[in-house]
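When you get a sec, could you give me coordinates for this:
(one chain, ligands or ions: 2)
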Amino acid sequence: MKPLLPALLALAVSTPVLAAKIAMEDQSQIPPAPAKPEGQQWFQPPHERDLPDDAFGRLVQQGRAIFVDTRNQASEYVGNGMNCTNCHLDQGRQANSAPLWGAYTMYPAYRKKNDKVNSYAERIQGCFQFSMNGTAPPADGAVINALTAYSYWMSTGAPVNQSLPGRMYPVIAEPQGGYDLARGKQVYAEQCAICHGDNGQGQKSGDDFVFPPLWGKDSYNWGAGMHRINTAAAFIKTSMPLGKGGSLSDADAWHVAAYMNSHERPQDPRLVDGSVEKTRVRFHANDGVNLYGQKVNGVVLGQGTR
Ligand code: HEC
Ligand code: HEC
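Ligands and ions are numbered 1, 2, ... in the order given. Have a look, this model is predicted:
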C-alpha cells in the first residue's frame, strides 16, 4: 500500500460518515472562472525564449521538463504511465485545460477534498497522489520547488487571487435523462480508440506513452479528479479528440466520459478498511458524478488494478 498524506489519514479517522448530500466538488469556495470577454484573448503566459539564463531560468526549465516528462524526471513519485501535461495541455498553457497560469495565483485555497486550506505545494502533491497514482514529493524538495517556479513564471503579470477566464475546465451540463454508456461506447470506438486503443490502454513508443492510457493500471486512480464523469466530460468536450476540441456535443462528451470511467483503474489510495463500500460512502458518495462502488454490467467498480 502506498503511504498516505498524514492529513488524509487524519481526515479518514476523524470524518464521520456524511449522510447529507453536499457538493464535494474541488475548491467549491473559489468562484468559477468568468467567461472570456468578447473580442479579448486569454491570459498570455511568457515565452520560453524570454527566460533569463540564470539560476531562476534554469529552475523554471527544470519545472517545465518535469511537467512534460514526469514519468522520467520525477519517476520516484509516479505510479502510472502519465505526465502532468497529458491533462494540462500544451505544457500547462492551454486555456480551459486547467492551465498553470490560472492556478498558481489562486492558492492558498480551501479544498473539500482534504477539508483544509491547501498551499500550492499541497495542491500539486494531490495531483501526484491521485492523477499520477504516485506519492507526494516533499513540499520543500527539488521537484515541488521546480514545478512551483515554472507555475510562478507562467503567471507573470497575472492578478493574484482573481479567477481568470480559462481557469480549470468549463462546466458542461449533464444531458437530460443522464448519460448513456452504450452511446459512450459507440463514440469511443468511432472517435477515441484510434489513439487511446481499443481497451483504453494507450499507445507506447518504447517505454513511454505517445497516447496516454484512459483506464487500466497505467491510468489515473479512483481518487483523481478525472474519475468524476462531470470533470472528464468537461475536459473531453474542450480538448478531445486531440486537435478537434469542441467538436463533440455536450451529451456525447458526457456519454463517452461515463464509458471511459466505467472501467477499472488503480485503487483509491484512501481506501477505508479495505472496503470499497466504506470508501464509496466516505469519499465518493458526494464527489460529483462518479461510478466508484457502483454496479455496471453486474460488477461493482472500484476493485482497483495491479
Ligand atoms: C489524435 C489522437 C487522439 C484522439 C483521436 C483522442 N485523443 Fe485523447 N489524448 C490524446 C493525446 C496525445 C493526449 C495527451 C495530450 C498531451 O500530452 O499533450 C490525450 C489526452 C486525453 C485525456 C487525458 C489524459 C489521460 O490519459 O487520461 C483524456 C481523458 C482523453 N484524451 C480522452 C479522449 C477521448 C474520450 C477521446 C474521444 C472522444 C479522445 N481522447 C480522442 C490523443 C487523442
Ligand atoms: C489525469 C489527469 C491529470 C494529470 C495527469 C495531472 N492533473 Fe493536475 N488536475 C487535473 C484535474 C482534473 C484538475 C482539476 C481539479 C479537479 O477537478 O480535481 C487538476 C488540477 C490541478 C491544479 C490546480 C488547478 C487550479 O486552477 O486550481 C494544479 C496546480 C495541477 N493540477 C498540477 C498538476 C501537476 C503538477 C501534475 C503532474 C505532477 C498534474 N497536475 C497531473 C488532472 C490531472
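
lowest-pLDDT helix or strand in this protein?
helix 6-14 (a mean of 41; mean pLDDT, DSSP states H and E).

wait, doesn't residue 73 sit right on residue 65?
Yes: Residue 73 is in contact with residue 65 according to C-beta atoms under 8 Å; the separation is 5.3 Å. C-beta here means a position set from N, CA and C on the backbone, and glycine is covered the same way.

More neighbours: those two, which one.
residue 73 (18 against 15; other C-beta atoms under 10 Å).

residues contacting the residue nearest to that one when sequence neighbours are not counted?
Sequence neighbours aside, residue 66 is the residue nearest to residue 73 in space, at 4.4 Å (criterion: C-beta to C-beta, 6 or more residues apart in numbering). By C-beta atoms under 8 Å, 6 or more residues apart in numbering, residue 66 lies in contact with 73, 74, 84, 143, 146, 147, 150.

Surely the fifth one is within a strand?
This points to residue 146. No: counting by DSSP: H, G, I helix; E, B strand; the rest coil, residue 146 is located in no strand; its state is helix.

What residues does this protein have near ligand 2?
26, 70, 82, 84, 86-88, 98, 102-103, 106, 123-124, 127-128, 131-132, 147, 167-168, 220, 224-226, 231 (C-beta under 6 Å from any ligand atom).

So which of the residues you listed reach ligand 1?
Okay, of these touching ligand 1 (C-beta under 6 Å from any ligand atom), that's 86, 87, 220, 226.

Quick one: buried ones out of those residues?
Neighbour-count burial (16 or more other C-beta atoms under 10 Å) applied to those gives 86, 87, 220, 226.

surely the first one meets residue 212?
Yes: counting by C-beta under 8 Å, residue 86 touches residue 212, with 4.4 Å between them.

Could you pull out the strands in the stretch 101-250 of the chain for me?
109-111, 116-118, 203-205, 208-211 (DSSP state E, counting those that start in this stretch).

and which of the buried ones among the ones next to ligand 1 among the residues of the chain next to ligand 2 is nearest to residue 183?
Of all those, residue 183 sits closest to residue 226, with 20.2 Å by C-beta to C-beta.

Just to check, that closest one is in contact with residue 235?
Yes: counting by C-beta under 8 Å, residue 235 is a contact partner of residue 226 at 6.9 Å.

who touches both of those two?
residue 87.

Break the chain into its domains for me.
14-30+41-154, 181-300 (automatic domain parsing).

Run the chain-centre distance for the last one.
Relative to the chain's own centre, domain 181-300 is displaced by 11 Å; criterion: C-alpha atoms, centre = their mean, to the nearest Å.

my read: residue 37 touches residue 165, true?
Yes: taking C-beta under 8 Å as the definition, residue 37 is a contact partner of residue 165 at 7.2 Å.

Compare these two (neighbour count), which wins?
residue 165 (17 against 8).

what residues are up against the nearest residue to that one once chain neighbours are set aside?
Once flanking residues are discounted, residue 165 sits nearest to residue 36: 4.1 Å by C-beta to C-beta, 6+ apart. Contact partners of residue 36, counting by C-beta under 8 Å, 6+ apart, are 42, 95, 165, 166.

Ok, residue 293 next?
Counting by C-beta under 8 Å, 6+ apart, residue 293 has contacts 276, 277, 279, 280, 281, 284, 300, 301, 302.

Now do the contacts for the residue in the stretch 1-150 of the chain positioned nearest to ligand 1.
Evaluated by C-beta to the nearest ligand atom, the stretch 1-150 of the chain has residue 86 as its residue closest to ligand 1, separated by 4.0 Å. Neighbour list for residue 86: residue 212 [criterion: C-beta under 8 Å, 6+ apart].

again with residue 45
93, 99, 100, 101, 153, 154, 155, 156.

And for residue 272, the neighbour number?
Neighbours around residue 272, by other C-beta under 10 Å: 17.

Sorry, slip of the keys, the one I care about is residue 258.
Neighbours of residue 258 (other C-beta under 10 Å): 26.

Also residue 61?
17.

does ligand 1 sit close to the helix or strand it falls within?
Per DSSP states H and E: residue 61 is located in helix 55-68. No: between helix 55-68 and ligand 1, judged by C-beta under 6 Å from any ligand atom, nothing touches; the nearest distance is 7.8 Å.

how far is that helix from where the chain is centred?
21 Å.

And stretch 73-83, by the same measure?
14 Å.

What is the end-to-end distance of that stretch?
The first and last residues of stretch 73-83 sit 10 Å apart, counting by C-alpha to C-alpha, to the nearest Å.

Which residues does that stretch contact?
So stretch 73-83 is contacted by 2, 65-71, 128, 131-137, 143, 202, 204, 209, 212-213, 217-221, 266 (C-beta under 8 Å, 6+ apart).

filter those to the buried ones?
Using 16+ other C-beta under 10 Å, the buried members of the contacts of stretch 73-83 are 66-68, 70-71, 128, 131-137, 143, 202, 209, 212-213, 217-221, 266.
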